[in-house]
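[1] fold the following.
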Amino acid sequence: MTDPYSDIDGFRVEIDAAQQRGDIILDRGEFNTISMEQRDQLKRVFEALDEDDRVRVIVVRAIGQHFSSGGYIMGFLEATPEHVSKLAWNIAAPARCSKPVIAANRGYCFGVGFELSLACDFRIVSETVQYALPEQKLGQIPGSGGSARLQKIVGITRTKDIVMRSRRIKGQQAYDWGIATEIVVDDQLEAATDALVKELVGFSPLAQRTAKKLLNDTEDSTLAIAIELEGHCYSRLRSSEDFAEGVKAFHEKRKPQFKGL
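    The predicted model follows:
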């Protein structure tokens, strides 16, 4: 069987089975630019980690002082129209994962680096982070879901400000606007990420998967439909072994031992 974590370029994968954690680590020079081929590889690796029984939480992080300055610009001119049409689908891989995905961002987080982070469930940021969608400077617009996802988070006025002016958003502002989940001093980014992984692993994996899918699926629905679907999901979880274990552990004043069943 082919190793799904081999034959990759510009990043690597580390799995810590004891922590039930899988890390995708961007590692290409000072600015961790992301090539066209790398986007396909990232999709494949996210899908593999989602199926890997050793992993409960996926983390995307980078080597160095910058998460990613964005894509390899000449690659857009060299790629076929068919390949370009798949960019958004590839970068949306974290959102399609059933498992929680954390982006740990510091320094430059531009273009596809920002779009990849926006597709994650949690964004833990260093105070050094700078988010941007600078495609207007190239005579283009974001092409991997950046403007669409950002508008859902911050609204159309702020999205126009960021996209149409190629404006950089620093860490504190990103947190204040709801783009970042948490902001920490730079030397605490890894510790904050570790803490969130540990917290998420402590929950029922079945409840985590259900919550993520419910929230993603109802983002564009009416309130009535969202409440209806929430009720159905709640009802299904009531019959799970994890729910029974959670209730029992609560009454016995002990830590639950969830199995994802």
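
[2] quick one: contacts for residue 4?
    44, 45, 47, 48 (C-beta atoms under 8 Å, 6 or more residues apart in numbering). No exception for glycine: its C-beta is placed from N, CA and C like everyone else's.

[3] which of those fall in helices?
    Judged by DSSP state H, helices contain the following of those: 44, 45, 47, 48.

[4] what two of those residues are the furthest from one another?
    The most widely separated members of those are 45 and 47, with 7.2 Å between them, by C-beta to C-beta.

[5] hmm, back to that, ok, and the most crowded of the ones in helices among the contacts of residue 4?
    Using other C-beta atoms under 10 Å as the neighbour criterion, residue 45 leads those with 21 neighbours.

[6] could you dump the ones in helices among the contacts of residue 4 to a markdown table with distance to residue 258?
    Converted to a markdown table, those look like this (distance: C-beta to C-beta, whole Å):
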| residue | distance to residue 258 |
| --- | --- |
| 44 | 29 |
| 45 | 26 |
| 47 | 24 |
| 48 | 23 |
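
[7] now residue 112: how far from residue 5?
    21 Å (C-beta to C-beta, to the nearest Å).

[8] no, scratch that, I was asking about residue 165
    39 Å.

[9] now residue 144
    Taking C-beta to C-beta, one finds residue 144 at 22 Å from residue 5.

[10] ok, residue 165 and residue 5, which is more surrounded?
    residue 5 (18 against 12).

[11] which residue packs closest to the more buried one, ignoring adjacent ones?
    Sequence neighbours aside, residue 13 is the residue nearest to residue 5 in space, at 4.2 Å (criterion: C-beta to C-beta, 6 or more residues apart in numbering).

[12] next one: residue 261
    Nearest non-adjacent residue to residue 261, counting by C-beta to C-beta, 6+ apart: residue 241, 4.2 Å away.
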